[in-house]
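1. got a sequence here, can you build the structure:
(one chain, ligands or ions: 2)
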Amino acid sequence: MTPLRIGHGYDIHRIVPGRPMILGGVRFDTDYGLDGHSDADALTHAICDALLGAAALPDIGHFFPNTDPAFKSIDSQILLQRVIAALRERGWKPVNIDASLIAEKPKIYPRLAEMKSALAASTGLPVDCIGLKATTNEGVDEIGRALAIAAHAVCLIERI
Ligand SMILES: Nc1ccn([C@@H]2O[C@H](COP(=O)(O)O)[C@@H](O)[C@H]2O)c(=O)n1
Ligand SMILES: C[C@@]1(CO)OP(=O)(O)OP(=O)(O)OC[C@H]1O
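-> Ligands and ions are numbered 1, 2, ... in the order given. Next up, the predicted model:
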């Protein structure tokens, strides 16, 4: 079987008042946050889907349905740890992850190191195997009007 596989993931969540803003396992000090059944960490969800996709497994919603109360407000780092465990059971481990956030706000750059540390802890990867960056959408569309935040992720996995 092929020893290396590539995966891609995407997620988007609406910005709403009064919800926590959690991205890459890090909480931002804002009076707005992302709407969702879980903690709505769009970045971590995109990473989960990239890993699942690389292993040709069904997506995050299949493993953790948004109709299941067990996942209400759940910390997405727990979901990511379970995704890593699902891959490990099937003989796969991550090699590296690269992800991009598209967000008008909050400013991501000052918190990047913390986010990488949190994702490294959940995936078991060294921090230098996790790429992370942010860009605004230059005011274009709902993301550009700060009504939503989107994330894209790619990853490589290899045989254990
Ligand atoms: N939410 C964000 C968006 C962007 N950044 C950083 O600002 C730089 C400039 O953004 P552009 O959209 O003009 O490319 C970008 O390179 C990021 O480093 C950010 O920290 N948080
Ligand atoms: C993370 C899960 C968990 O129920 O819920 P949401 O926070 O709604 O996130 P989304 O990316 O829309 O769907 C995936 C679900 O698995």
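2. test my guess that residue 14 contacts residue 34.
-> Yes. Using C-beta atoms under 8 Å, residue 14 is in contact with residue 34, at 6.9 Å. For every residue, glycine as well, the C-beta is placed using N, CA and C.
3. those two: who's more crowded?
-> residue 34 (25 against 15; other C-beta atoms under 10 Å).
4. residue contacts, that one?
-> Contact analysis of residue 34 by C-beta atoms under 8 Å, 6 or more residues apart in numbering lists 13-16, 19-23, 40-42, 149.
5. what separation is there between it and residue 28?
-> Taking C-beta to C-beta, to the nearest Å as the measure, residue 34 falls 10 Å from residue 28.
6. nearest residue to the residue nearest to the spatial centre of the chain other than its sequence neighbours?
-> The centroid of the chain falls nearest to residue 44 when counting by C-alpha atoms, centre = their mean (1.6 Å). Distance criterion C-beta to C-beta, 6 or more residues apart in numbering; nearest residue to residue 44, sequence neighbours excluded, is residue 76 at 3.9 Å.
7. look up how far ligand 2 lies from the one you found.
-> Separation of residue 76 from ligand 2 (C-beta to the nearest ligand atom, to the nearest Å): 6 Å.
8. can you get me a residue count around that residue?
-> 27.
9. likewise for residue 50?
-> Neighbour count of residue 50, defined by other C-beta under 10 Å: 26.
10. low-confidence regions, the chain specifically.
-> The chain contains residues with pLDDT under 70 at 1.
11. wait, does the longest strand along it make contact with ligand 2?
-> Longest strand of the chain, by residue count under DSSP state E: strand 4-17. Yes. Applying C-beta under 6 Å from any ligand atom, one finds strand 4-17 touching ligand 2 at residue 11.
12. show me the contacts for the residue of the chain found nearest ligand 2.
-> Here the residue of the chain nearest ligand 2 is residue 36; by C-beta to the nearest ligand atom that distance is 2.9 Å. Taking C-beta under 8 Å, 6+ apart, we find residue 36 in contact with 13, 66.
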